[in-house]
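[1] any chance you can model this:
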Amino acid sequence: MRRAWMIVPLLAAAASAALAQSPPRPKLPASADTNDADAYLAWGKSKLQKSPADAAAAFYWATRLEPGRAGAYYGRWVALQLADPSRFTAHYERKKSALESPAVQAIDSIQLRALELGPLDYRDLDGMLVGIVYRPSGTTSTRERLGTFGGSVSGIDSMPLPGSTMPSAGTGAVYRQPGGPSAPTISYSTGSAWDEYAHGNFSRALLDYAGTLPGSKAKWAIYAERGRVFAITKSPDSALAQLALAIADVPKDSAHAETYVYESVALYEHTRGLVHEMQKHADSARAAYQRALDADPAYAPAQLRLAALDLAKGDTAAAISHYDLAAQIRANDGLLAYEYGYLLIKSGHDAEALEQLERAAKLEPYFAAPRFLAAAVYDAHDMKPQASADYTAFLSLASKADPLVARAKDRLSTLQ
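    Now for the predicted structure:
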């Protein structure tokens, strides 16, 4: 039986095998800055509906230019799902053949990366995916398929978002349209809840998700979604309560851990820790991140959040220790190496910082930031040829809007 902490490396291997070939770099409009991740993100979003494969390529290159952008990974995941709707439908319905597919596992690894970088980000492109599974041709929304809400659902507008008053099992099992007892009823469904979420109708999404719980076979996923929505709507206590329910309900078998890496206890604890941080409860956040590591010792994002908490209280040595562990766990993570190098510079460990920055530049050759930091270190130690080389490399990779461009040009001119 595979241990939980082995899952991410195994999935990463599947991802690199299935998505080994980099897509061609899209040709952006002549006015676009081809070193700017935002340019690729905007172009990718414009191509999603008509050419999802091109959109996926654009989002891929956004991740290469700025590997810390959760939205770029999320956009690529959406685009790859749109490129093969039948595959996504089979995956969404949890069909075994789809879940065991290397291609599906590779795409799931992209979703996991997006969630690790931004567990509480609003997924603004989900509406396109709802349409694949729930909208028949000729309709514009799940709500249209199920019936038109003739106004506010009774009681919703006055319902307090902190979740203790949300419907429990056996209450409010249907939406009822205005118009009296004879009005038709609409059953709750995850499809309509997801659709409401995708359109920013959070109170309705919360109510509909709650209504699906009695018959759901994956309650943990619904609890987690409700927790994220509560966090987005600034209801942290309710978010924490839902995330606790999700964590308690996650299946403990290894098959689930291998198949649903984005539905893990570690990720949910990470999310819970972020909510505690929103409340300025550092000790509770630290405990959540430690529980994430207890569940999955290879979950590097928890180490990084612990490092951030250490830095906030001035304990640089402890922060470095957490980064060192994370770097050992994820030796191929160029973004992590860059962040570690930055921390080492700030703490006066220039030689060690250069090792991390050179590793970052090798792992992420289109990422400009490591080159600037390496150049700055060489510059500070009067190593002019190395500094000039890295400033030059930085300028070839940086976007025109990067505020460090002027500094790099100035230093390069002085050195030369």
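[2] what residues sit buried inside stretch 339-352?
    Residues of stretch 339-352 classed as buried: 339-345, 349, 352 (neighbour count, 16 or more other CB atoms under 10 Å). Every residue, glycine included, has its C-beta placed from N, CA and C.
[3] sorry, that was for stretch 99-110
    Buried, per 16+ other CB under 10 Å, within stretch 99-110: 99, 101, 103-110.
[4] name the SS class of Lys280, please.
    On the three-state scheme (DSSP: H, G, I helix; E, B strand; the rest coil), Lys280 is labelled coil.
[5] which among the buried residues of stretch 99-110 gets closest to Tyr289?
    When the buried residues of stretch 99-110 are ranked by distance to Tyr289 (CB to CB), Ser109 comes first, at 21.8 Å.
[6] confirm the closest one sits in a helix?
    Yes. Ser109 sits within a helix when classified using three-state DSSP.
[7] quick revisit: export the buried residues of stretch 339-352 to TSV and tack on distance to Gly314, secondary structure and pLDDT?
    Formatted as TSV, those follow (distance: CB to CB, whole Å; DSSP: H, G, I helix; E, B strand; the rest coil; pLDDT from 0 to 100):
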residue	distance to Gly314	secondary structure	pLDDT
Glu339	18	helix	97
Tyr340	18	helix	97
Gly341	20	helix	97
Tyr342	17	helix	97
Leu343	13	helix	97
Leu344	17	helix	97
Ile345	17	helix	96
His349	17	coil	96
Glu352	20	helix	97
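[8] mind putting those in JSON lines, distance to Arg286 included?
    Output for the buried residues of stretch 339-352, formatted as JSON lines (distance: CB to CB, whole Å):
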{"residue": "Glu339", "distance to Arg286": "19"}
{"residue": "Tyr340", "distance to Arg286": "20"}
{"residue": "Gly341", "distance to Arg286": "24"}
{"residue": "Tyr342", "distance to Arg286": "22"}
{"residue": "Leu343", "distance to Arg286": "18"}
{"residue": "Leu344", "distance to Arg286": "23"}
{"residue": "Ile345", "distance to Arg286": "25"}
{"residue": "His349", "distance to Arg286": "24"}
{"residue": "Glu352", "distance to Arg286": "25"}
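[9] for the closest residue to Ala353 other than its chain neighbours, what are its contacts?
    Setting aside the residues directly before and after it, Ala353 is nearest to Leu344 in space (CB to CB, 6 or more residues apart in numbering), at 3.7 Å. Shown in contact with Leu344 (CB atoms under 8 Å, 6 or more residues apart in numbering): 320, 350, 352-353, 356.
[10] farthest pair in these?
    Maximum pairwise distance among the contacts of Leu344 (CB to CB): 13.5 Å, between Ile320 and Asp350.
[11] strands along the stretch 51-200 of the chain, start to end?
    174-176, 185-187 (DSSP state E, counting those that start in this stretch).
[12] which of those has the lowest mean pLDDT?
    Least confident of the strands of the stretch 51-200 of the chain, judged by mean pLDDT, is strand 174-176 with a mean of 27.
[13] and the helices in the stretch 1-150 of the chain, which stretches?
    Using DSSP state H, counting those that start in this stretch, the helices of the stretch 1-150 of the chain run over 7-18, 37-47, 52-65, 70-83, 85-92, 96-99, 102-117, 126-134, 142-146.
[14] outside of stretch 324-337 itself, list whatever touches it.
    For stretch 324-337, contacts defined as CB under 8 Å, 6+ apart pick out 12, 67-68, 297-298, 300, 303-304, 307, 323, 340, 356-357, 359-364, 367, 370.
[15] just the buried residues of that stretch, please?
    Within stretch 324-337, the residues scored as buried using 16+ other CB under 10 Å are 324-327, 329-330, 333-337.
[16] got the end-to-end distance for that stretch?
    Across stretch 324-337, the terminal residues are separated by 9 Å (CA to CA, to the nearest Å).
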